[in-house]
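Peer 1: With the input below, show me the fold.
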Amino acid sequence: MTYSEVKPHPTLRSYIDTYWTVASEETVLHTSKILPDGCVDIILNLEDDYKTDEGIILMKSETAYLIGTMTHFKENIIQSKTKLLGIRFKPAALSVFYKFSSLHEITNGNIEFEKDLCPDIQKTIKYSAAYLDQFFLNKLSMPKYSLRPIIDDINLYQGKIRIKDLAQRHFVTPRQLERHFKYDIGISPKEFINVVRYQSAYSQLKNNRLNKSLLQIAYESGYYDHSHLTNEIKKYTGSLPSQI
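Peer 2: Numbers count the residues shown, from 1 in each chain. This is a model prediction of the structure:
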């Protein structure tokens, strides 16, 4: 199985993280593990039905799906020839291209995407990123309210910021933050902060060139102790820190 990414047009990079492709030429068993990242994806299945090893169809052939924000890892054992193309939107950026009801309705889930709203699959196969760029450039429309400054703040602090402080910095109430996050991202501000914090710790664990202890990484990432960090890493990745 191969995985590749292509960056979108520069104008789109504030809203779309990447166009990604997963492909497998042979019908063999393979494990697919997806980790939470605070993002929403549109996934186009360009090949046959995407099935588990038990024959359950996860995605129908030549069909698009809107994938909600995840709060825990997801693992599937797949047995099918595969070619999936995904558009990964940055947190709260889907509203720049689409008007939907609250994304909280599809958190940890997915829905089949209406064909007249999504990129044409045959044109995507033929023209790939060039067509996707043009498609989303044509749909670009700034919403009246944007969570981007708040999300930038959370990323700047690597998730080590209190909701009360975050609300005060941006002149909103905690209740307003809760409503906006659930509507535009699908999860609460607390859940989003936890995802950002875990991502920071996960990156440190993977690139621990200074051989920091687990306790030191835990403290630097805003966790109470190494047990707290271990539990969060296991929740989001399905692995222990020692397995990363």
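Peer 1: how about the closest residue to Glu47 other than its chain neighbours, what does it touch?
Peer 2: Nearest non-adjacent residue to Glu47, counting by C-beta to C-beta, 6 or more residues apart in numbering: Lys83, 4.1 Å away. In short, each C-beta sits where N, CA and C put it, glycine included. Contact partners of Lys83, counting by C-beta atoms under 8 Å, 6 or more residues apart in numbering, are 21-24, 45-47.
Peer 1: And for Ile233, the neighbour number?
Peer 2: When neighbours are defined as other C-beta atoms under 10 Å, Ile233 has 25 of them.
Peer 1: Just the element for it, please.
Peer 2: Per DSSP states H and E: Ile233 is located in helix 226-237.
Peer 1: Buried by neighbour count: which residues of that helix qualify?
Peer 2: Buried residues in helix 226-237, counted by 16 or more other C-beta atoms under 10 Å: 226, 229-230, 232-233, 236-237.
Peer 1: before we move on, what about stretch 193-211?
Peer 2: Under the neighbour-count criterion of 16+ other C-beta under 10 Å, stretch 193-211 has 193-202, 204-205 buried.
Peer 1: Also stretch 158-166?
Peer 2: 158-159, 161, 163, 166.
Peer 1: how about the helices of the protein, start to end?
Peer 2: For the chain, the helices defined by DSSP state H cover 121-127, 129-139, 148-156, 163-169, 174-184, 189-206, 214-220, 226-237.
Peer 1: Which among those is found nearest to Leu94?
Peer 2: Taking C-beta to C-beta, helix 174-184 is the member of the helices of the chain nearest to Leu94, at 7.5 Å.
Peer 1: For that closest one, which helices and strands make contact with it?
Peer 2: helix 163-169, helix 189-206 (3 or more C-beta pairs under 8 Å, 6 or more residues apart in numbering; DSSP states H and E).
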